[in-house]
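In: 3D, please:
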Amino acid sequence: MLLSDAGRIGRIALPLYLSMVAVSLSALVNTAALGRFGTGALAGFAVTVAVYFPATAAVSGAVRGVMPFVAEPSGLLRVVRDGTWLAVFVGVPGALAVACVPLIARATGVPSATVEQLGPFPLLMALAVLVNAFGSMATSCLVGLGQSKVVMRAGLVGAACVAILSPLLVARLGLNGAGISLCAAQVASCVMTVSGLRKRLDGRPGFGLHFGQILELAKVGIPMAGTVLVKFAVLGVLAIAAARVSETAAAAHNIATSLVSLTFTAALAIGQAVVPVVSTRTEGVRRAVTAALVITVITLSIISAVVVLGDVPRLFTGDPAVVSAVGQLLALIVLVVLADGVQAVLGFGLAGLKRTTPSLVVFAACYGVLALVAVPAAAHGLIGLWIALAGANLAVALGQAIAFRKAGNF
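Out: Alright, predicted model coming up:
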């Protein structure tokens, strides 16, 4: 039975992972296009995405609250209707935050020359956030239904839009060209996921506003969004702590976190694949999550081995000092990735049980301590900072395991 669960989870997770990888690669193409256009455009992009990425991650996390509710076909129309309203309620604030990037930039002391580069770009990205809210809601429903291949096709189309349009438009329009290509990608992906979802609906969801039912979805989704925001905020504190050490440490820390993020994508895909399996069961839940944990550990170990043995850090920089600093962190990077992957799967297991608040509490407590000790830990160098991060991730994984066991009465 464990192998059967592993097979089902793998079939759902693989298309999601391929989609995520394609999106990540297209983002590299976009960044390269901006870099070739000019440093000012790249700086403006960096300022905007500093708000855009947390906003989209939080919005996507919030609408994931629909995933464990789509198991019952008779209630699918209601979930889609209420999920659409939830997308509005979380998407609009997220879009407004991104639209206010010029004000935020000025208030935080960003140079005027960089702010002037922005133009209408933040508005284009705000539109992308709003479109992403609806696309993510449809994606979450499709994943909850086990229809990850539709999500993969939508992700590949969106990635292709960025990869093709970005070099063409950035060369002519600069930063605004990047905004147009990213918006086009979001619209294309959203249209495909929404269309794919509509084909699986028996009727029309309607437009009735039922706050009680929307709140039911929000109770699962909002804590997931809160977890994402806590993680982004504390990782920002770690980046500042690394920058206080030295320029080399800041660069090495940035590369190390990029390696973690790239590897962690696999755990995110596997974790999402757990939700439809857990949410449709009254028994065998623990077995399903155990299967997902086994797949996660094996997959992350293989990817980590490629990173370590393939000397991947050299692809990011030619500075020998930075390469050496990242090399000293490789064992800790692997530990951070494995612990983060385990906690993510357990967190999604809790989402499948519709119990996400304990996950937020565990994350806030452990990462809250990490934020407090980040600067003192960095006094011992980059290794001290990453030991603190590894300890926090291990604590989160343990806390998630305890919360999952209590939530399911295992």
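In: helix, strand, or coil at the nearest residue to Ala364 once chain neighbours are set aside?
Out: For Ala364, ignoring the flanking residues on the chain, the nearest one in space by Cβ to Cβ, 6 or more residues apart in numbering is Val230 at 5.3 Å. For the C-beta atoms, the positions are set from N, CA and C on the backbone; glycine is no exception. Put simply, Val230 is helix when judged by DSSP: H, G, I helix; E, B strand; the rest coil.
In: heads up, I number from 35, so please use that
Out: Got it, first residue is 35 now, which makes that one Val264.
In: any figure for the gap between Val264 and Val430?
Out: Distance, Val264 to Val430, by Cβ to Cβ, to the nearest Å: 10 Å.
In: neighbour count for these two, which is higher?
Out: Using other Cβ atoms under 10 Å as the criterion, Val264 and Val430 rank with Val430 on top: 27 against 18.
In: and the helix or strand containing the more buried one, what other elements does it pack with?
Out: Counting by DSSP states H and E, the element that carries Val430 is helix 416-442. Applying 3 or more Cβ pairs under 8 Å, 6 or more residues apart in numbering; DSSP states H and E, we find helix 416-442 packed against helix 245-279, helix 281-313, helix 319-343, helix 354-386, helix 391-412.
In: in CSV: those helices, plus distance to Ala139.
Out: Output for the helices and strands packed on helix 416-442, formatted as CSV (distance: least, Cβ to Cβ, whole Å):
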stretch, distance to Ala139
helix 245-279, 15
helix 281-313, 20
helix 319-343, 34
helix 354-386, 28
helix 391-412, 23
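In: next, format the ones you listed as JSON lines and append mean pLDDT.
Out: Converted to JSON lines, the helices and strands packed on helix 416-442 look like this (pLDDT from 0 to 100):
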{"stretch": "helix 245-279", "mean pLDDT": "89"}
{"stretch": "helix 281-313", "mean pLDDT": "87"}
{"stretch": "helix 319-343", "mean pLDDT": "91"}
{"stretch": "helix 354-386", "mean pLDDT": "91"}
{"stretch": "helix 391-412", "mean pLDDT": "93"}
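In: ok, which of those helices comes nearest Ser200?
Out: Smallest distance to Ser200 across the helices and strands packed on helix 416-442 (Cβ to Cβ): 19.5 Å, for helix 281-313.
In: in that closest one, what counts as buried?
Out: For helix 281-313, burial by neighbour count (16 or more other Cβ atoms under 10 Å) applies to 283-291, 293-294, 296-313.
In: tilt between that helix and helix 319-343?
Out: Between the axes of helix 281-313 and helix 319-343, defined by axes from the mean of the first three to the mean of the last three Cα atoms, to 10 degrees, the angle is 150 degrees.
In: tell me what angle helix 281-313 forms with helix 354-386.
Out: Calculated by the same axes, to 10 degrees, helix 281-313 forms an angle of 20 degrees with helix 354-386.
In: just give me the neighbour total for Leu52.
Out: Quick note: Leu52 (other Cβ under 10 Å) scores 17 neighbours.
In: what do you get for the one 5 residues further on?
Out: Taking other Cβ under 10 Å as the neighbour definition, Val57 ends up with a count of 17.
In: with adjacent residues omitted, what lies nearest to it?
Out: Ala193 (5.1 Å).
In: go ahead and confirm the one you found touches Ala56.
Out: Yes. At 3.9 Å, Ala193 counts as touching Ala56 under the criterion of Cβ atoms under 8 Å.
In: so these two - more neighbours on which side?
Out: The neighbour comparison of Ala193 against Ala56 (other Cβ under 10 Å) goes to Ala193, with 23 against 19.
In: burial of Ala205, as a residue count?
Out: Neighbours around Ala205, by other Cβ under 10 Å: 12.
In: leaving out sequence neighbours, find the closest residue to it.
Out: In this structure, Ala205 finds its nearest non-sequential neighbour in Phe71, 6.7 Å apart by Cβ to Cβ, 6+ apart.
In: can you check Gly255 too?
Out: Nearest residue to Gly255 in three dimensions, chain neighbours excluded: Gly99, at 2.3 Å (Cβ to Cβ, 6+ apart).
In: looks like that neighbour contacts Ala252 (just checking).
Out: Yes. Gly99 is in contact with Ala252 according to Cβ under 8 Å; the separation is 6.1 Å.
In: tell me which of these two has more neighbours.
Out: Under the criterion of other Cβ under 10 Å, the comparison of Gly99 against Ala252 puts Gly99 first, with 29 against 20.
In: so who does the more buried one touch?
Out: By Cβ atoms under 8 Å, 6 or more residues apart in numbering, the contact list for Gly99 reads Gly117, Leu120, Ser174, Leu251, Ala252, Lys253, Val254, Gly255, Ile256, Met258, Ala385, Thr390.
In: try it again at 10 Å.
Out: 113, 116-117, 120, 124, 171, 174, 248, 250-259, 385, 388, 390 (Cβ atoms under 10 Å, 6 or more residues apart in numbering).
In: mind checking which helix or strand the residue nearest to Val57 is in?
Out: Secondary structure assignment for Ala193, by DSSP H and E: helix 182-207.
In: gap between the spatially most central residue of the chain and Cys134?
Out: By Cα atoms, centre = their mean, the chain has its centre lying nearest to Ala91, at 5.3 Å. Computed as Cβ to Cβ, the Ala91 to Cys134 distance reads 18 Å.
In: same thing with Pro257?
Out: Distance from Pro257 to Cys134, by Cβ to Cβ: 25 Å.
In: and Val55, by the same measure?
Out: Counting by Cβ to Cβ - Val55 and Cys134 are separated by 32 Å.
In: more crowded one of the two?
Out: Legend: neighbour count by other Cβ under 10 Å for Val55 and Cys134, higher for Val55 (17 against 14).
In: tell me which helix or strand the residue nearest to the centre of the chain sits in.
Out: Using DSSP H and E, Ala91 falls within helix 73-97.
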